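Engineer: I need the structure of the sequence given here:
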Amino acid sequence: MEENQLVYISNVMTCIFNAFFALPAIVGNVLVVIAIWRTQLKRSPSNILLSTLAFADLQVGLTVQTSFVCYKMAEIFRADKLACYGRFVNIVFGYSITAVSLLTLTAIAIERFLALRLHLRYKEVITKGRILTTACCFWVVGLAATSLYFIHRSVFGAIVIITELVSIVVTSVAYLKIYKIVRRHAREIESQRRVSLDPNAQIGLNMKKYQRSTFTMVIVFMLSFVCYVPYSGVMAAKLKYGFTANVKIAVDIFSTVVCINSSLNPLIYCWRMKEVKQAVWAVVKRNTAVTPGLNDQSMMTFATIPPQLRHAAGSKTVGNGASSK
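Structural biologist: The predicted model follows:
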């Protein structure tokens, strides 16, 4: 099969996939953003970061995937001017939003870790204002980095690869440290239960909720990892071999895989995080007679850390600060 035929088939198939997954990405992430900002769901720093990630995923469906379909269809029908405009929009928003998503995933992991390490100083250091400022900075950094694409593409490609690798390493290390602290505390809880006739059930409940919510973000990170790593490999191949027909096909395919990730994240939130699911359901049912059973107990944020877990992390910081580093 000739290269032109392969490119044509690739254009058609990636258009179909992007058009199909754009709507779920838009609807799902709109519901998550509204659920966080327009319902009783607690707007904690962690939920603000979650809404930042959801907003970035929303823009993927709204701008990146729609512009991709637009410029690919223009290529198929040889509308060069429209293809040029569509490609420009796709590049600007695609790379900017990718940067925001990666930085936000890393920020979520760091915030989860600091929630344990800072102990009582968490609310003093990690404030809503600082989180919002950080989220805005992510967009500025994303747009600034994308401008390098039009100035020096080789440098831009190298920056993309390095940024993705650093983000993956930092996020992985943060979750690994969280796992160690949680596992140590779980052993302490178990030893306390063995000598206590009346174990504190609420502590166990809070621990389970914290572990479940943190593991949810690990799933989101791993899914993003699976999507982004192949694309990084394609970017490396592009730097080495140039924008050949095979590289062009690979870029289209794996960039589509990255975009599909944005439509899956809202499903993971609602599957794993009960409070987000209830808030989304409240948004869907707002104008009907049926209202979900939202109560104070279910309105916990996924950032809620059991006081005993914070105490354990704080004790380790004081007693073993040097070794933990």
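Engineer: hey, let's count contacts and neighbours off CA atoms from now on
Structural biologist: OK.
Engineer: Which pLDDT does the model give Leu197?
Structural biologist: At Leu197, the model reports a pLDDT of 48.
Engineer: likewise His152?
Structural biologist: 86.
Engineer: Next one: it from Glu164, what distance?
Structural biologist: 19 Å (CA to CA, to the nearest Å).
Engineer: more neighbours, those two?
Structural biologist: Glu164 (18 against 10; other CA atoms under 10 Å).
Engineer: what's the neighbour count on Pro24?
Structural biologist: Pro24: 19 neighbours (other CA under 10 Å).
Engineer: And the stretch of helix or strand it belongs to, how far out from the chain middle?
Structural biologist: Assigned by DSSP states H and E, Pro24 falls within helix 3-38. On the basis of CA atoms, centre = their mean, to the nearest Å, helix 3-38 sits 16 Å off its chain's mean C-alpha point.
Engineer: Report the buried residues of that helix.
Structural biologist: Within helix 3-38, the residues that qualify as buried are 7, 10-11, 14-15, 17-19, 21-26, 28-33, 35-36, counting by 16 or more other CA atoms under 10 Å.
Engineer: Please work out the average pLDDT along it.
Structural biologist: The average pLDDT within helix 3-38 is 90.
Engineer: mind listing the helices for this protein?
Structural biologist: With helices called from DSSP state H, the chain shows them at 3-38, 45-59, 65-76, 80-117, 122-125, 128-147, 153-195, 201-241, 245-272, 274-284, 307-319, 321-324.
Engineer: so where is this structure shaky, pLDDT-wise?
Structural biologist: Applying pLDDT under 70 to the chain flags residues 1-3, 189-210, 287-325.
Engineer: let's see 80
Structural biologist: When residues are selected by pLDDT under 80, those of the chain lie in 1-4, 39-43, 119-120, 184-213, 239, 242-243, 286-325.
Engineer: for the closest residue to Gln65 other than its chain neighbours, what are its contacts?
Structural biologist: Nearest non-adjacent residue to Gln65, counting by CA to CA, 6 or more residues apart in numbering: Asn18, 5.5 Å away. Residues in contact with Asn18 (CA atoms under 8 Å, 6 or more residues apart in numbering) are Gln65, Thr66, Phe68, Val69, Thr256, Cys259, Ile260.
Engineer: Of those residues, which is the nearest to Asp57?
Structural biologist: Among those, Cys259 lies closest to Asp57 (CA to CA), at 8.2 Å.
Engineer: Quick check: Cys15 touching Lys72?
Structural biologist: Yes - taking CA atoms under 8 Å as the definition, Cys15 is a contact partner of Lys72 at 6.8 Å.
Engineer: I figured Phe93 hits Gln65, correct?
Structural biologist: No - the criterion here is CA under 8 Å, and Phe93 misses it with Gln65 at 9.8 Å.
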